[in-house]
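Peer 1: just a sequence and a predicted model for now, questions to come.
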Amino acid sequence: MTENAHDDGPEFLDEEALDLYTRALRQGRLPAPAAAGAPHLLRLGLLHPAPDDPDGLEPVAPQVALHRLLRASADRVAEERRREERLVEALGPLLRAGGSGATATPLIALHSGKEHIGRVIDETMADATDLLSVQPYSSYINPDPALHEPALRRDQALLDRGGRIRALYQHTLRHAPPLLARYERLTGDVEARTLDEITERLVVVDREVAFIPATVDRSSALEVRHPAIVGFLVTVFDRLWHLATPLYPRAVRQPPLNGVTPRQRAIAALLVEGHTDAVVAERLGMNVRTAREHIAKLAATLGSGSRAQLGYLIARSGILDRAT
């Protein structure tokens with residue numbers, strides 16, 4: 001069988017070719033011109049030149065020819081399998097790493113430097129139409145126009161594309177003039193809500209890319225593109241959003257309950273858990289002095305003369321049970 005035999009297959013054994021091969025088997029030999037119409041019989045190894053007659057062709061026994069053809073087919077299959085193994089060996093590590101080379105976008109990337117982080121977020125939002133964010137209290141303690149003006153322009157560009165923005169803040173900022181003024185300058189589908197306690201800073205773009213702090217001072221951030229992690233963060237945001245109080249465009253002021261304000265109820269919930277004044281202040285995004293002023297008012301409302309008695313009176317008053 002010649003080296004090109006694998007180029008032909010059973011489809012070449014049509015009726016004419018089989019007739020010629022049958023004649024060769026019956027007669028023991030065929031003149032070369034007789035097989036001119038079926039050259040693939042030679043390529044398949046069913047005929048071969050007669051050793052004593054340059055113009056004659058002899059047939060190969062069917063069992064021998066079949067064995068050779070099947071072995072050639074098995075060799076081709078084995079070669080394809082080896083080729084598959086080489087491809088898996090070459091590309092497998094890249095697939096496990098979640099990329100396809102140096103230009104692939106990693107599922108999780110670390111960015112350092114606040115300016116660099118801002119540029120990365122800007123680039124990610126260039127064509128975005130959906131923005132979810134959680135902004136901690138410290139973001140608006142001392143608002144810096146150099147930081148907030150570019151973000152304002154970026155957010156307005158998203159809204160101009162027909163997008164929407166949902167932002168979650170700490171309840172302490174409900175009456176922060178810089179925050180309210182910011183939203184009054186935006187035009188489009190934008191909402192802001194507040195909660196007593198929120199997570200650390202979170203930015204989710206198009207529900208596909210999330211940014212979270214990597215250090216306490218937020219000088220480093222993680223860019224997360226893993227669908228499962230981003231999906232988890234979006235679920236957390238959505239649940240917090242449904243629990244939050246609307247701030248913009250419609251601010252809702254909850255009425256006092258038995259003379260206890262919503263802010264004091266939030267403090268009461270932390271006090272009965274045994275937290276110190278400092279922890280209460282940190283959890284609710286206020287300074288310790290303000291927290292103590294609220295605690296004193298709460299104690300006066302409930303008629304408490306001591307910290308231990310205050311916890312007892314909070315539990316007995318039922319204000320936490322009816323807060324929802």
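Peer 2: The structure has been received and is ready for your questions. Since the structure is predicted, the reported quantities are computational estimates derived from the model, not experimental observations. Residues are numbered from 1 along each chain as shown.
Peer 1: show me the shaky parts of the stretch 1-150 of the chain.
Peer 2: By pLDDT under 70, the weakly predicted segments of the stretch 1-150 of the chain are 1-12, 35-38, 91-104, 137-147.
Peer 1: now for Arg154: which residues touch it?
Peer 2: 122, 125 (Cβ atoms under 8 Å, 6 or more residues apart in numbering). Where you see a C-beta, it was placed from the backbone N, CA and C, and this is true even at glycine.
Peer 1: for it, which three-state class applies?
Peer 2: Recorded secondary structure, Arg154: helix (DSSP: H, G, I helix; E, B strand; the rest coil).
Peer 1: confidence score at it?
Peer 2: pLDDT recorded at Arg154 is 88.
Peer 1: so what's Ile121 up against?
Peer 2: Per Cβ under 8 Å, 6+ apart, neighbours of Ile121: 203, 205, 211.
Peer 1: any of these buried? List them.
Peer 2: 203, 205, 211 (16 or more other Cβ atoms under 10 Å).
Peer 1: what helix or strand does the last one sit in?
Peer 2: So that's Phe211. For Phe211, the host element (DSSP states H and E) is strand 209-213.
Peer 1: off-centre distance for the helix or strand following that strand?
Peer 2: Using DSSP H and E, the helix or strand that directly follows strand 209-213 along the chain is strand 220-224. Relative to its parent chain, strand 220-224 has a centroid offset of 13 Å by Cα atoms, centre = their mean, to the nearest Å.
Peer 1: likewise for stretch 182-189?
Peer 2: That offset, for stretch 182-189, works out to 29 Å (Cα atoms, centre = their mean).
Peer 1: also stretch 170-187?
Peer 2: 30 Å.
Peer 1: name the residues of that stretch that are buried.
Peer 2: If you call a residue buried by 16+ other Cβ under 10 Å, then stretch 170-187 has these buried ones: 170-174, 176, 179, 182-183, 186.
Peer 1: same thing with stretch 44-53?
Peer 2: For stretch 44-53, a neighbour-count test (16+ other Cβ under 10 Å) marks 44-47, 50 as buried.
Peer 1: of these, which is the nearest to Val236?
Peer 2: Leu44 (67.2 Å; Cβ to Cβ).
Peer 1: gap between the closest one and Ala308?
Peer 2: Separation of Leu44 from Ala308 (Cβ to Cβ, to the nearest Å): 100 Å.
Peer 1: quick one: residues contacting the residue nearest the centre of the chain.
Peer 2: Closest residue to the average C-alpha location of the chain: Pro227 at 2.4 Å, with Cα atoms, centre = their mean. Taking Cβ under 8 Å, 6+ apart, we find Pro227 in contact with Glu208.
Peer 1: what's the distance between it and Glu208?
Peer 2: 8 Å.
Peer 1: kindly report the same for Leu66.
Peer 2: Separation of Leu66 from Glu208 (Cβ to Cβ): 58 Å.
Peer 1: can you list the contacts of Ile121 in a markdown table and add distance to Glu15 and pLDDT?
Peer 2: Below are these laid out as a markdown table (distance: Cβ to Cβ, whole Å; pLDDT from 0 to 100):
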| residue | distance to Glu15 | pLDDT |
| --- | --- | --- |
| Val203 | 73 | 95 |
| Val205 | 67 | 95 |
| Phe211 | 71 | 96 |
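Peer 1: pick the one among those closest to Ala32.
Peer 2: Val205 (75.0 Å).
Peer 1: give me the beta-bridge partners of that closest one?
Peer 2: Beta-bridge partners for Val205, by DSSP bridges, are Leu131, Val209.
Peer 1: no further queries at this time; thank you.
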